[in-house]
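Peer 1: the sequence and its predicted three-dimensional model are supplied below.
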Amino acid sequence: MFTKTGEGALPTPPARHRIVPVPGKHADKAVRARSFGAAAEIYERSRPGYPDAAVDWLVPEGARTVLDLGAGTGKLTRSLAARGLDVVAVEPLPEMRESLAAALPEVRTLAGTAEEIPLPDASVDAITVAQAWHWVDPERAKAEAARVLRPGGTLGVIWNRRDERVGWVAQLSEVMGSAEAEVMDMDAVEIGPPFSPTESFVAEWNRPMDVDLLVEMAASRSYVITATPRRRREILDGVRRVVEADPRLGTEFDFPYRTYCFRAALHAQS
């Protein structure tokens, strides 16, 4: 089921708040951001892609050249390339870039960050940022996005989140814990100037899953990668116990997601 904002899924509050860095946590956050490189294989195997309705909404009609920023192993990049778009992928971690380039040799893959995009001014029609906007310095990233976008171009950000309205998934979250992207107030996401007011969309979907894949997916989380060996084992064993304790799940089951999408257009005068 897919539901647009305004139809009850993600009501726009009277005032939004921009996402800003959390003082005092930058060092720990930087360590966790770099940790994905060591788990690139697990990340590629276990992390989900994005539902078609979300991707279709995120990329504006008429866009030809799209920058996938913080592309990781290419989970969103695949969907963009499959739509016949001219896609450039930018990713800071070499292990992630290597995985992406192997899977999508036709996509130009570059080293870079949201704060330092290796593209010329006014060179792309749209930018997508999947599961990564919470890692960046938003003010610097917005300035760089505005630089490389053509006037009227769109910046879109997207997150997959576990649907914790489902009882066993809520139990899973208690066992696993949550990262920044999993506790952010999605009603409060606002991209902000120099972009137009932020639009939003939510897609609800299920991913076929088994317990081994779920454990691998948990192991790909930055806070699990960087945990002590003992704590990591506690988390992963706990994930397995949650599933095995629920007779309704069986050996294979559907894992419910809500995919939150946000987009804003660059003002023409920018």
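Peer 2: In hand now; what should we look at?
Peer 1: and the longest helix seen in the chain, how far out from the chain middle?
Peer 2: Longest helix in the chain, counting residues (DSSP state H): helix 229-244. Helix 229-244 sits 24 Å away from the centroid of its parent chain (Cα atoms, centre = their mean, to the nearest Å).
Peer 1: helices or strands up against the helix or strand following it?
Peer 2: Tracing the chain past helix 229-244, the next element assigned as helix or strand by DSSP states H and E is strand 252-265. When contacts are defined as 3 or more Cβ pairs under 8 Å, 6 or more residues apart in numbering; DSSP states H and E, strand 252-265 sits against helix 52-58, strand 149-162, strand 199-210. C-betas here are computed from N, CA, C, even on glycine.
Peer 1: by contact count, what packs against the first one?
Peer 2: Counting by 3+ Cβ pairs under 8 Å, 6+ apart, the packing neighbours recorded for helix 52-58 are strand 2-4, helix 75-82, strand 149-162, strand 199-210, strand 252-265.
Peer 1: repeat for the longest one
Peer 2: Here strand 149-162 is seen to pack against helix 52-58, strand 124-130, helix 167-176, helix 180-183, strand 252-265 when contacts are counted using 3+ Cβ pairs under 8 Å, 6+ apart.
Peer 1: do that again at 6 Å, thanks
Peer 2: Where contact means 3 or more Cβ pairs under 6 Å, 6 or more residues apart in numbering; DSSP states H and E, strand 149-162 is packed against strand 124-130, strand 252-265.
Peer 1: for residue 160, which of those strands is the nearest?
Peer 2: strand 252-265 (5.2 Å; Cβ to Cβ).
Peer 1: just checking: what are the partner strands of that closest one?
Peer 2: When pairing is defined by DSSP bridges, strand 252-265 lines up against strand 149-162 (antiparallel), strand 199-210 (antiparallel).
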